[in-house]
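**Student:** would you be able to build a 3D model of this:
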Amino acid sequence: MRLHGRTAIVTGAARSIGAAVAARYAAEGANVVIADIDVDEAERVAASIRALGGEAIAIGTDVSDKGQVERMVETTVRRFGTVDILVNNAGIDPRRDWLEMTGEEWDRVMGVNAKSQLFCAQAVFPHMRERGRGKIVNVSSVTFYTGQTGFVHYVASKGAIIGFTRALAREVGGHGITVNGIAPGAVLTETEGEDETDYDPIETEREMKGLQSIGRRQTAGDLEGAFVFLASEDSDFITGQTLNVNGGWILN
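**Tutor:** All right, here's what the predicted structure looks like:
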């Protein structure tokens, strides 16, 4: 098991990518903290991990609130002793016409998607520094490279994450801490299209496949291996990078 004895915090882990990563980390031997604003769903994920013999707890957390983030990390350390891995996965992506977007709507997306990553990194850093090692993995998006209509605030936040990843890698590398990112593509979820009145699942499937080099929809499971790699000792000399895991949507 590649993460045996390590403790990982995964934000936004009540569903989709976060839930899949948390379950995989537990299967690799890590103690896992499911940090999510939806505490009921977070507890469901934690319970499913425990049912398979893993170690997991759920902590209700609004990651855009620095005080809640600090309390979440304190609870983690009391329970497991330290924090070895942080996955900044929490995010929101409300569709909004850019001409009608308010400052409050912009700030909310930036707060959850980007500012939260600063708060979480600040909170775990003292514990990683004390041990002389740590892994931080930030979730960005393919949309930073492609742009996307209706999501100006979301795309901007995902670009900010890539810049933050590079800058933070410079800040903490001397303490044995690596900081990397992952840019997923359009991950198929159970709730896809729920908020869109004109959603056509067949047309969406066709469109997504056409944008990728690999001819099927991406699932959360397709990302697990990359998250394990960036949290393990195998990536100890890689930092400041954003890994495109999007079926060849972006080729570089």
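**Student:** how far off centre is the helix or strand hosting Val124?
**Tutor:** Val124 belongs to helix 116-131 when assigned by DSSP states H and E. Its chain's C-alpha centre and that of helix 116-131 lie 15 Å apart, by Cα atoms, centre = their mean, to the nearest Å.
**Student:** show me the contacts for the residue nearest to Ile85 when sequence neighbours are not counted.
**Tutor:** Nearest residue to Ile85 in three dimensions, chain neighbours excluded: Ala8, at 3.8 Å (Cβ to Cβ, 6 or more residues apart in numbering). C-betas here are computed from N, CA, C, even on glycine. In this structure, Ala8 makes contact with 22, 25, 30-33, 83-87, 231, judged by Cβ atoms under 8 Å, 6 or more residues apart in numbering.
**Student:** could I get the full set of helices for the protein?
**Tutor:** All helices of the chain, identified by DSSP state H, fall at 16-27, 39-51, 66-80, 103-110, 116-131, 143-146, 152-172, 201-211, 224-231.
**Student:** could you dump those into TSV with mean neighbour count added?
**Tutor:** Shown next, in TSV, are the helices of the chain (neighbours: other Cβ atoms under 10 Å):
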stretch	mean neighbour count
helix 16-27	25
helix 39-51	18
helix 66-80	17
helix 103-110	14
helix 116-131	20
helix 143-146	19
helix 152-172	19
helix 201-211	12
helix 224-231	21
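**Student:** of all those, which one is nearest Ile182?
**Tutor:** Distance to Ile182, taken as Cβ to Cβ, is lowest for helix 224-231 among the helices of the chain, at 5.6 Å.
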